[in-house]
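**Q** Have a look; sequence and predicted model below, questions after that.
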Amino acid sequence: MAAFNYPQTQLDADTMLRDFGMGAVLRRVTATPTDRPCTVCIIEYNPREKQAELANPTDRKVIMSPLDPTTGLPLAIPPDNELDQLVTFVQPLTSPPVIHEILPLTCKPKPTAPAGVTVLWEFTVLR
């Protein structure tokens, strides 16, 4: 029986996210913030009403490639909901990129990792 090629599945997921998603960065919020490039696709918007507030927040479901877009290698540091924010840019990208939104992660990122090979990360952000 032939073994399933999980690393190829990882590359396929990355390719689809590059085709249908957008470039963004994970910003590690520390004394000296650091940005790590990533590829994401916002796949679902869930508006919810909060009484007694002027703005209605919108939860967004995000899937993210596990590969660094600059090197093609797995991300050295996985996303962390307590330390990272997702920074998106106005599309199409310009040089230099213009920040569109800075979105906090609202849940612990969940890896989809059959056989231990992370194919994508899934999490929600709040606006």
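**A** It's in.

**Q** what about the strands in this structure?
**A** Along the chain, the stretches classed as strands by DSSP state E are 22-28, 34-47, 58-64, 84-89, 99-104, 110-112, 120-126.

**Q** what about the fourth one, distance to the chain center?
**A** Taking C-alpha atoms, centre = their mean, to the nearest Å, the mean C-alpha location of strand 84-89 is offset from the chain mean by 8 Å.

**Q** Contact partners for the spatially most central residue of the chain?
**A** With distances taken as C-alpha atoms, centre = their mean, the residue of the chain nearest its centroid is residue 64 (3.8 Å). With contacts defined as C-beta atoms under 8 Å, 6 or more residues apart in numbering, the neighbours of residue 64 are 17, 38, 39, 40, 41, 79, 109, 120, 121, 122, 123. Where C-beta positions appear, they are placed from N, C-alpha and C, glycine not excepted.

**Q** In contact with the last one, which residues?
**A** The neighbours of residue 123, taking C-beta under 8 Å, 6+ apart as the test, are 61, 62, 64, 79, 81, 105, 106, 107, 108, 109, 110.

**Q** The fourth one against residue 104, yeah?
**A** No - between residue 79 and residue 104 no contact is recorded; they are 11.7 Å apart, counting by C-beta atoms under 8 Å.

**Q** Look at those two and report which has more neighbours.
**A** Taking other C-beta atoms under 10 Å, residue 79 and residue 104 do not tie; residue 79 has more neighbours (25 against 14).

**Q** Now that one: closest residue in space that isn't a chain neighbour?
**A** Distances taken as C-beta to C-beta, 6 or more residues apart in numbering place residue 109 nearest to residue 79, at 4.3 Å, with adjacent residues excluded.

**Q** Roughly how far does residue 82 sit from residue 105?
**A** Separation of residue 82 from residue 105 (C-beta to C-beta, to the nearest Å): 8 Å.
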